[in-house]
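> Return a 3D structure for these sequence lines:
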Amino acid sequence: WFLARDKSNGIARDRKLRDRRGEILFIDARKLGHMVDRTRREFSDDDIETIAGTYHRWREGEGYEDVPGFCKSASIEEVRAHGHVLTPGRYVGVEAAEEDDTPFPERFAELQAELEEQFALEEQLKEKILAGAGMVIGNV
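Below is the predicted model of the structure:
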């Protein structure tokens with residue numbers, strides 16, 4: 001969480017800031033970085049630049065755009081409508097899914113055929129494993 005006391009017009013690093021009163025920037029960085037262990041995520045320099053750059057563009061009002069699944073500039077009214085819940089995912093939404101032009105019945109048939117192939121392969125592998133286990137047991 002990053003909080004700012006004064007979101008009114010100001011100057012930071014010789015740059016004019018826009019009036020951000022009544023707005024909250026939500027950034028959902030769960031897809032950036034990598035997990036170091038079960039509870040800690042580590043960000044690369046590029047990840048940090050992406051997050052910081054997004055914040056600075058929003059703060060300065062130059063070149064910022066909402067990115068579905070990553071960032072959203074929400075109004076206080078939007079936050080109020082969500083019962084003041086401040087979970088970023090609630091506001092940023094999900095990124096656009098890739099379009100698949102294959103009709104559903106055709107795609108389903110392809111997936112079903114692939115599944116049947118995998119079941120057949122499973123049977124072959126199971127037979128090989130059992131045959132190998134029988135040889136080991138027979139040699140004991």
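
> And the spatially most central residue of the chain, how close does it get to E116?
Residue closest to the average C-alpha location in the chain (C-alpha atoms, centre = their mean): K31, at 3.8 Å. K31 sits 33 Å away from E116, going by C-beta to C-beta, to the nearest Å. To be clear about C-beta, it is placed using only N, CA and C from the backbone, and glycine gets the same treatment.

> which residues in this protein form strands?
For the chain, the strands defined by DSSP state E cover 10-12, 15-17, 23-27, 34-35, 41-42, 71-75.

> I'd like the ones you listed as TSV, with mean pLDDT appended.
Listed next are the strands of the chain as TSV, based on pLDDT from 0 to 100:
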stretch	mean pLDDT
strand 10-12	69
strand 15-17	77
strand 23-27	91
strand 34-35	92
strand 41-42	92
strand 71-75	92
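
> Looking at these, spot the one closest to E110.
E110 sits nearest to strand 34-35 of all the strands of the chain, at 32.5 Å, using C-beta to C-beta.

> Contacts for the closest one, please.
Strand 34-35 has contacts (C-beta atoms under 8 Å, 6 or more residues apart in numbering) with 41-42.

> roughly how far is that strand from the heart of the chain?
Distance of strand 34-35 from the chain centroid (C-alpha atoms, centre = their mean, to the nearest Å) equals 13 Å.

> quick one: strands adjacent to it?
strand 41-42 (antiparallel) (DSSP bridges).

> Have a look at this protein and report its longest helix.
As assigned by DSSP state H, the longest helix anywhere in the chain is helix 104-139.

> so for it, what's the average pLDDT?
For helix 104-139, the mean per-residue pLDDT is 83.

> Show me what it packs onto, helices and strands only.
Judged by 3 or more C-beta pairs under 8 Å, 6 or more residues apart in numbering; DSSP states H and E, helix 104-139 is in contact with no other helix or strand.
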